[in-house]
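Colleague: no sequence on this one, just coordinates:
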């Protein structure tokens, strides 16, 4: 019995890493924030379930595709070389098809009754997998600046689930996520600069050095803080 429990926990941990459950949780929370802002209050249990299930599946599938596409570079980095696809704990073909299904099915099901939500789910996956992972990350220092828009799409999907993605509060929160994301990843890249250099990933700290990168982190953090203050002016928060 104990062996079965250990096996179950090990499998859960493996799939949690493969589909980046911690990152997905943050994206779902951002989407929930967008739903509350879009609804100017309680968005309704149906909208929240839609955001959590559809957004969680699409984000998990995108994360799985990211790990599938980055197996080679992950194997070179100390921070990522224990990921399931690198160690062989999960078959790459299984990860690929499971991820594709999770990305495609939710937007297709949602499309007939909420085209806007379907669009933002697809947009987030396209930015993260197609634009960021495949094209920008291996080529340009600005990879995460543009790739951060995937997180903004999560916020917009929450607003769309509530039927009001055009709301200024939703757009402001999306902008906040967009500005915060580079600061987070550049800070991580400063810590793991040698890893990124070994994998030949052109992150900002690799090419400019930690000092210059730290200034860019400071600037983006300042901009994100300013936008966060702007959120207090939205009627939904009741602080203005």
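Modeller: Thanks, I have the structure now. As the structure is a computational prediction, the values presented were derived from the model and not from experiment.
Colleague: where do the helices sit along this structure?
Modeller: 2-18, 21-39, 45-50, 56-69, 71-74, 84-87, 92-110, 115-125, 143-147, 149-161, 168-191, 193-198, 204-208, 210-231 (DSSP state H).
Colleague: pLDDT on stretch 202-216, on average?
Modeller: Here stretch 202-216 scores 93 as its mean pLDDT.
Colleague: So what touches it?
Modeller: Applying CB atoms under 8 Å, 6 or more residues apart in numbering, the contact partners of stretch 202-216 are 138-141, 143-144, 182, 185-186, 189-190, 193, 196-197. Bear in mind the C-beta positions are built from the backbone N, C-alpha and C, glycine included.
Colleague: for stretch 31-46, same thing?
Modeller: Applying CB under 8 Å, 6+ apart, the set of residues contacting stretch 31-46 from outside is 47-48, 51-52, 55, 154-165, 167, 169-170, 173-174, 234-236.
Colleague: and the closest residue to residue 149 other than its chain neighbours, what pLDDT?
Modeller: Nearest residue to residue 149, sequence neighbours excluded (CB to CB, 6 or more residues apart in numbering): residue 127, at 5.1 Å. With respect to pLDDT, residue 127 scores 98.
Colleague: these two touch, right, residue 127 and residue 145?
Modeller: No: the criterion here is CB atoms under 8 Å, and residue 127 misses it with residue 145 at 11.8 Å.
Colleague: nearest to residue 134, of the helices of the chain?
Modeller: Distance to residue 134, taken as CB to CB, is lowest for helix 56-69 among these, at 6.5 Å.
Colleague: what's the closest residue in space to residue 77 that isn't next to it in sequence in contact with, if anything?
Modeller: Excluding the flanking residues, the one nearest residue 77 by CB to CB, 6+ apart is residue 195, at 4.0 Å. Each residue near residue 195 by CB under 8 Å, 6+ apart is listed here: 76-80.
Colleague: which of those residues are buried?
Modeller: 76-77, 80 (16 or more other CB atoms under 10 Å).
Colleague: Which single one of these is nearest to residue 26?
Modeller: Among the buried ones among the contacts of residue 195, residue 80 lies closest to residue 26 (CB to CB), at 18.3 Å.
Colleague: For the closest one, which non-adjacent residue is closest in space?
Modeller: Nearest in space to residue 80, with sequence neighbours left out and distances taken as CB to CB, 6+ apart, is residue 74 at 3.9 Å.
Colleague: Distance of the one you found relative to residue 58?
Modeller: Computed as CB to CB, to the nearest Å, the residue 74 to residue 58 distance reads 22 Å.
Colleague: So the two - more neighbours on which side?
Modeller: Between residue 74 and residue 58, counting by other CB atoms under 10 Å, residue 58 is the more crowded of the two (30 against 20).
Colleague: got the contact list for that one?
Modeller: 102-103, 106-107, 121, 124-125.
Colleague: What is the neighbour count of the closest residue in space to it that isn't next to it in sequence?
Modeller: Closest residue to residue 58 apart from its sequence neighbours, by CB to CB, 6+ apart: residue 121 at 4.6 Å. Residue 121 has 32 neighbouring residues, counting by other CB under 10 Å.
Colleague: quick one: pLDDT of residue 121?
Modeller: 98.
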